[in-house]
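# Okay, predicted coordinates and the sequence, questions at the end:
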Amino acid sequence: MAEITFDGVTKIFGDDIRAVDELTLHVAEGEFMVLVGPSGCGKTTALRMLAGLEEITSGTLMIGDTVVNDVLPKDRDVAMVFQNYALYPHMTVAQNMGFALKVRRESKVEIDRKVREAAAILRLTDYLERRPKALSGGQRQRVAMGRAIVRSPQAFLMDEPLSNLDAQLRVEMRLEIARIQRLLGVATVYVTHDQIEAMTMGDRVAVMRGGQLQQVATPQDLYDHPANEFVAGFMGSPPMNLLRAGVEGEGENAFLVLGAQRLAIPASYNTSHDLAAVRGAGIVFGSRPEDVEVLAGEGGDAIMTRVERREALGAEILVHLSLLDAEGTSAFVVTDEGKVVTRPSTLVAKMGPRADVKVGDILKVRFNPERFHFFDADSGASLRRV
């Protein structure tokens with residue numbers, strides 16, 4: 001087992017395509033680290049550099065105490081699991097799992113022992129004599145993992161291994177991979193574009209965008225304290241509501257201006273957040289859908305909205321709302337320059353499965369005052385003081 005360290009690692013394709021830009025990241029021994037982000041963010045390139053499949057343009061990459069920038073892939077003692085399984089169709093499960101050991105010329109007795117141990121961990125003992133075509137997608141993915149496990153590597157590298165599975169199998173395999181990783185205690189770097197996988201599997205999650213690391217933290221810390229507007233909008237399903245707003249007043253008399261409506265800012269945020277430097281329309285206000293409460297009666301610091309769409313998901317209803325202006329019509333976003341953005345300010349609220357709401361209803365909603373988020377409208381950085 002070993003730790004993994006990216007120290008200012010950069011990968012440039014061609015003359016100026018900066019796929020990974022000075023990535024600095026540490027993965028501890030036994031840690032499950034998830035790299036997550038949209039397509040093209042650099043997460044797979046980072047993994048391929050770690051595996052030795054891509055050359056490093058600059059920076060230092062270490063596995064344990066060894067700098068591996070110029071070490072051949074076969075000498076890095078890491079095992080990679082791909083999304084397409086890459087199994088040999090003419091071989092049995094046992095032969096597929098033990099192939100790398102056979103290439104290393106280990107004895108048949110030792111290969112058999114390691115394959116059977118891995119098969120027990122993966123619950124594949126009853127399938128060792130089958131060929132891949134006789135297996136389900138989830139079983140094939142287990143075989144691919146078994147091929148990695150028998151090698152007893154210093155680290156596991158996984159490149160979107162669940163992307164070819166259906167929804168139910170993905171849930172099952174998420175639990176299975178997390179269980180196996182905890183059992184083996186080997187440092188694992190797992191790449192995905194699915195933030196639900198990232199939240200449910202990782203000890204820590206590294207969010208990437210445009211080749212740059214945006215934030216690395218535990219899943220809950222990412223969710224509760226996003227470092228910037230991008231992380232806030234990317235992590236969570238549905239994502240955080242992000243509304244362009246203005247700020248008026250100071251201290252206990254500070255208000256958010258949301259179109260024609262105003263919302264009091266609790267005084268505690270004036271000490272926990274750097275709001276003093278942001279006035280006018282230079283702020284983005286954030287609130288998670290579960291922190292948007294529909295009020296039945298009068299009172300409360302709330303805003304008026306209209307239901308634009310509802311999604312019944314069985315256990316809950318997602319209600320898509322638009323802010324209203326003084327005349328009761330959908331309010332439009334106004335930028336710093338006074339230009340009107342053509343789409344209305346919208347947000348999503350979570351409601352109970354039997355909530356009686358329909359499109360066109362006017363609803364009064366309240367944001368949980370203990371869960372406000374504020375971001376700079378220009379840089380996107382969180383205004384929370386660390």
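Okay, I see it. Since the model is a prediction, treat every value here as computed from it, not as a measurement. Numbering: from 1, shown residues only.

# How about Gly360, nearest residue that isn't a chain neighbour?
Val307 (6.2 Å; Cβ to Cβ, 6 or more residues apart in numbering). Where C-beta positions appear, they are placed from N, C-alpha and C, glycine not excepted.

# what lines up beside the helix or strand in which that neighbour is found in the sheet?
Following DSSP states H and E, one finds Val307 within strand 303-312. Strand partners for strand 303-312, identified by DSSP bridges, are recorded as strand 317-323 (antiparallel), strand 362-367 (antiparallel).

# Could you list the buried residues of that strand?
Burial within strand 303-312, assessed by neighbour count using 16 or more other Cβ atoms under 10 Å, is assigned to 303-307, 310.

# could you redo those as JSON lines and give each row pLDDT and distance to Ala51?
Converted to JSON lines, those look like this (pLDDT from 0 to 100; distance: Cβ to Cβ, whole Å):
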{"residue": "Ile303", "pLDDT": "90", "distance to Ala51": "50"}
{"residue": "Met304", "pLDDT": "91", "distance to Ala51": "54"}
{"residue": "Thr305", "pLDDT": "92", "distance to Ala51": "49"}
{"residue": "Arg306", "pLDDT": "92", "distance to Ala51": "51"}
{"residue": "Val307", "pLDDT": "93", "distance to Ala51": "49"}
{"residue": "Arg310", "pLDDT": "94", "distance to Ala51": "46"}
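
# Of the residues you listed, just say which sits nearest to Arg384.
Each of those was scored against Arg384 by Cβ to Cβ, and Ile303 proved nearest at 22.6 Å.

# Now do the residue nearest to the closest one when sequence neighbours are not counted: how many residues are near it, please.
In this structure, Ile303 finds its nearest non-sequential neighbour in Gln261, 4.7 Å apart by Cβ to Cβ, 6+ apart. Using other Cβ atoms under 10 Å, Gln261 has 19 neighbouring residues.

# Across the sheet, point out what pairs with Gln261.
Where Gln261 sits in a bridge, its partners, by DSSP bridges, are Leu258.

# Give the full set of residues in contact with it.
303-304, 323-325, 331 (Cβ atoms under 8 Å, 6 or more residues apart in numbering).

# Tell me the one of those residues nearest Leu157?
Relative to Leu157, and with distances defined as Cβ to Cβ, the nearest of the contacts of Gln261 is Leu323, at 45.4 Å.

# where does that closest one sit relative to Pro219, distance-wise?
30 Å (Cβ to Cβ, to the nearest Å).

# Which one's more surrounded, these two?
A direct count of neighbours by other Cβ under 10 Å for Leu323 and Pro219 places Leu323 higher, at 22 against 19.

# just to revisit the earlier point, and the residue nearest to Ile303, how close does it get to Leu383?
21 Å.

# ok, now Val27?
Counting by Cβ to Cβ, the gap from Val27 to Leu383 is 30 Å.

# more crowded one of these two?
Neighbour count, other Cβ under 10 Å: between Val27 and Leu383, Val27 has more, with 24 against 19.

# For the stretch 251-386 of the chain, give me the ranges with low pLDDT.
277-281, 297-300, 326-344 (pLDDT under 70).

# Helices of that one, residue ranges please.
Applying DSSP state H, counting those that start in this stretch to the stretch 251-386 of the chain gives helices spanning 269-272.

# pretty sure Met240 is touching Ser287, no?
Yes. Counting by Cβ atoms under 8 Å, Met240 does reach Ser287; the two are 6.9 Å apart.

# Overlap in contacts, those two.
With Cβ under 8 Å, 6+ apart, Met240 and Ser287 have common neighbours His373.

# To what extent is Pro238 buried, counted in neighbours?
Pro238 has 15 nearby residues by other Cβ under 10 Å.

# show me the contacts for it.
289, 318, 348.

# among these, which ones are buried?
Looks like the contacts of Pro238 have 289, 348 buried, using 16+ other Cβ under 10 Å.

# where's Ala2 relative to Glu31, distance?
Counting by Cβ to Cβ - Ala2 and Glu31 are separated by 11 Å.

# list the residues that contact both of the two?
What both Ala2 and Glu31 touch, as defined by Cβ under 8 Å, 6+ apart, is the set Ala187.
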